[in-house]
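Trainee: When you get a sec, could you give me coordinates for this:
(2 chains)
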Amino acid sequence: MRRLLLFAAAVSVAVSSTALAHHSYAATYDVTREVKLEGKLVQFVYRNPHSFVHVMAADDKGIPQRWAVEWSGTTQLGNSGVTKETLKVGDEVIIMGRPSRVPGEYRALMLTLKRPSDGFAWGSAGQTVD
Amino acid sequence: MKKRFLALAGAALLVTPLAAQPPRPANPTDIAGEWTLTNNEEDTTAQPPLGDYLGIPFNAAGRQRADTTAESIWGTPEYQCRPHSAPHQWRGLGGARILKEQDPLTRDVRAYHVQFMRSLDWPIFMDNRPHPPAWAPHSWTGFSTGQWIGNTLKVTTTHLKDGYLKRGGPQTSDMYSMTDYITRHDEILTIVTVVDDPVYQDEPYVESTTYTIDLTSNVAMETCNGSSFAENGGTDRHHVPHFLPGQNTALTEWLKKDDWIPVEPTRGGVNTTYPEYKSGATKVPASRTAVPPEKEIAAQSPRDGQVHVMPVQGNIYMLVADGINITVSMGADGVMLVNTGSAAMSEKVLAAVNQLAASAVTPPAPNTCFGANCPNAWGWASPYMNAVINSPAPPKPIRYIVNTSASPEHVGGNEKLASAGFFPRGGGFGSAVSNVGREASIVAHENVLNRLSTPSAPNSRPVPASAQPTDTYFDEFHKLPEYFNGEAVILYGAAGANTDGDSLVFFRHSEVISAGNLLSTISYPVIEVDKGGSIQGVIDGLNRILDLAVAEYRGQGGTWIVPGRGRLSDTADVASYRNMVTIVRDRVKDLIGKGMTLQQVKAAKPTMDFDGRYATAAAGEWTADRFVEAVYRSLQEKK
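Mentor: Model (predicted):
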């Protein structure tokens, strides 16, 4: 406690650069692993605080599951040229993502998204979810 | 400890001794303005790594709660639009705006309002108003009052919902209080925050944050478009993410990079927060949290022999009758009671209902129209004269009583209160039969009638016929056939929850759900397996509530839920309770899967991190042991 009081009384020189997520990405996703999801887009939720892409893709046992892939909020996506019209239900997509830390969850954090039909790609040029 | 902290904080931050300061300076420092977050003693990302509990005076329960919390919980429908928890708000993105609300006549500051990008307006009342009673709802911002101590504004906040100290694991219970010390030094604003969580901490947790005035900033408001689907994938909207004890193996992942930090202090604990810890001493000064949780939890359901009235929403009031909650619908059609409390309290309950009906439905009102052409003037009458000489019509009587279960604490007042009521069944031939319709209708699931009409023990008697349900249902739900007090009232069967005859009652226009024994903010759910109750039935019932209820904004308010015992709740509170019950089910199921006996399961303490909240003396005889046994038995019977 006394140690904390010293902290409290002192003025720290560290500069805070708060992140945007209302939850912690590092705590939500296993940042040491990647998962590849290949399948049909069934829902595109373009919204704040984060957008979501739902895709029907196989799990590690080959069974089709509804995956929810977390993406950036509308401002960040808009700045990288992604609008609510960019993706359509039925699009065949290939997603690389960070899987959830919770066993059995079909959730991932977007790393890259590709749509082979027209070559659309996000993430390959350095975009990240923030 | 708290006194010691205050003294030290005063010396460090206020410079001038506290005793020398007047209680309210003539010209207190102006803290209003737009402020930019400058720094704090945490890392620079405000996203501490998973498993970093450095400096947190966790007890064992707090540590386990943090270890087993999955951040994916933020993807569930009830969590998506929550603001940051109160201890973290000062550290969120976007700065802070502090506004003054002044009395236009005296120019006194009645309240400060603090706003962040991801928050609700946080009022700090400066007018010496009391904090609400313990059975009042909790919110994200809580209820705050301010007091000047020299040039420091001391803000005391109670009635906070459960949340987190930091993102990514360290949780708080809903029994914590928060004290902020806000001091302005020229263009710098220093906030020292003391979080006192008696359930998860051995001592208050202290953090500080620094802001700088910024005349050009404008705190934005971030919109949130939550949705009713879970963000965690799959198709189960009731999925509750969590780790089983020991399952979260990533807690020390961050130490691979910061390998100079030993593991032990990263697990938190009060001894790690003292300088003596660094020198190897394991003994620290005896200390404890400032507030005993048992007393605070019990205060939500006071066994004081009194009836306390809390207006809820629309037609609905909550009576706290010697700790047992009764939901009341009050209006032009009369009175409906959901449950009647204990027999011993029925006289006082009836008096409270009559007083409420007189004041709420037919209050004395001044005349507002003069002359013969006023609305509702009958014939050659002067409404002005009528208003002066007439007494108001008496309120309508109790028409309905709904019993959500056969529990004695909910049906004890049936006889007395039903006999004081009136349900019009007569007319035609019916009127020739004595006493037809001379009592209130008692509505319940038919298994409630089965239990109340059958002796509970070989030498006991059933409850009197006049206390038994008169109108029963057996289906998934039961609608009252017509509006009551201007709204639909629907009973949803939760058979197999606490017993085989539970119901929850939805007042569809007032947006209030009376949950009966499905929800208690002072104990684990009472599950009577011998009477058909089960852990899965309780979870299903709580999920039913969450499916029906809608939050007003940012995941709180909206549909109110009256628990069988404890404080008035909303969807966020029900979600937390549902999460707890689901987590315990999953843990017990896992232990059963490992072949453990009941005694072994009990010894494994699957409720350990929740016992400080739901298994205190306030819970009475419904101990953690009995709850675990009920969970175990109902899961075994399911097999």
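Trainee: from here on, contacts and neighbour counts on C-alpha atoms
Mentor: Will do.
Trainee: Secondary structure element holding B:Thr38?
Mentor: Element membership for B:Thr38 (DSSP states H and E) is strand B:33-40.
Trainee: If you average the pLDDT over that strand, what comes out?
Mentor: Averaged over strand B:33-40, pLDDT sits at 89.
Trainee: Single out the residue in the stretch 501-639 of chain B that lies closest to chain A.
Mentor: In the stretch 501-639 of chain B, the residue found nearest to chain A is B:Arg554; the distance is 12.0 Å by Cα to the nearest Cα.
Trainee: now for the strand holding B:Thr38, which elements pack on it?
Mentor: strand B:96-102, strand B:205-213 (3 or more Cα pairs under 8 Å, 6 or more residues apart in numbering or on different chains; DSSP states H and E).
Trainee: Outside of the first one itself, list whatever touches it.
Mentor: Applying Cα atoms under 8 Å, 6 or more residues apart in numbering or on different chains, the contact partners of strand B:96-102 are B:31-37, B:90, B:108-117, B:218-219.
Trainee: Restricted to strands, list the residues you listed.
Mentor: B:33-37, B:109-116 (DSSP state E).
Trainee: Now do the SS call for B:Arg613.
Mentor: helix (DSSP: H, G, I helix; E, B strand; the rest coil).
Trainee: can you pull the pLDDT of the spatially closest residue to it that is not a sequence neighbour?
Mentor: In this structure, B:Arg613 finds its nearest non-sequential neighbour in B:Val199, 6.3 Å apart by Cα to Cα, 6 or more residues apart in numbering or on different chains. B:Val199 is assigned a pLDDT of 95 by the prediction.
Trainee: And for the one 4 residues further on?
Mentor: Here, the pLDDT recorded for B:Glu203 equals 90.
Trainee: gap between it and B:Arg65?
Mentor: Separation of B:Glu203 from B:Arg65 (Cα to Cα, to the nearest Å): 17 Å.
Trainee: Quickly check the ones in strands among the contacts of strand B:96-102 for the two that are furthest apart.
Mentor: Greatest spatial distance among the ones in strands among the contacts of strand B:96-102 (Cα to Cα): B:Leu37 and B:Arg110, at 25.7 Å.
Trainee: Between these two, point out the one with more neighbours.
Mentor: Legend: neighbour count by other Cα atoms under 10 Å in any protein chain shown for B:Leu37 and B:Arg110, higher for B:Leu37 (23 against 18).
Trainee: so where does B:Ala352 fall, helix or strand?
Mentor: Applying DSSP H and E, one finds B:Ala352 within helix B:346-360.
Trainee: Tally up the residues packed near residue 86, please.
Mentor: Using chain A. A:Thr86: 9 neighbours (other Cα under 10 Å).
Trainee: was after chain B, sorry
Mentor: Neighbours around B:Ala86, by other Cα under 10 Å: 25.
Trainee: so what's it up against?
Mentor: Listed by Cα under 8 Å, 6+ apart, the contact set of B:Ala86 reads B:140-141, B:160, B:163.
Trainee: how about those residues in a markdown table, adding pLDDT and secondary structure?
Mentor: Below are the contacts of B:Ala86 laid out as a markdown table (pLDDT from 0 to 100; DSSP: H, G, I helix; E, B strand; the rest coil):
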| residue | pLDDT | secondary structure |
| --- | --- | --- |
| B:Trp140 | 96 | coil |
| B:Thr141 | 96 | coil |
| B:Leu160 | 98 | strand |
| B:Gly163 | 94 | strand |
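Trainee: Select, from those residues, the two members most distant in space.
Mentor: Pairwise over these, using Cα to Cα, the maximum falls at B:Thr141 and B:Gly163, 10.9 Å.
Trainee: Identify the contacts common to those two.
Mentor: Shared contacts of B:Thr141 and B:Gly163 (Cα under 8 Å, 6+ apart): B:85-86.
Trainee: most residues in a single strand of chain A, which one?
Mentor: Longest strand in chain A, counting by DSSP E: strand A:35-45.
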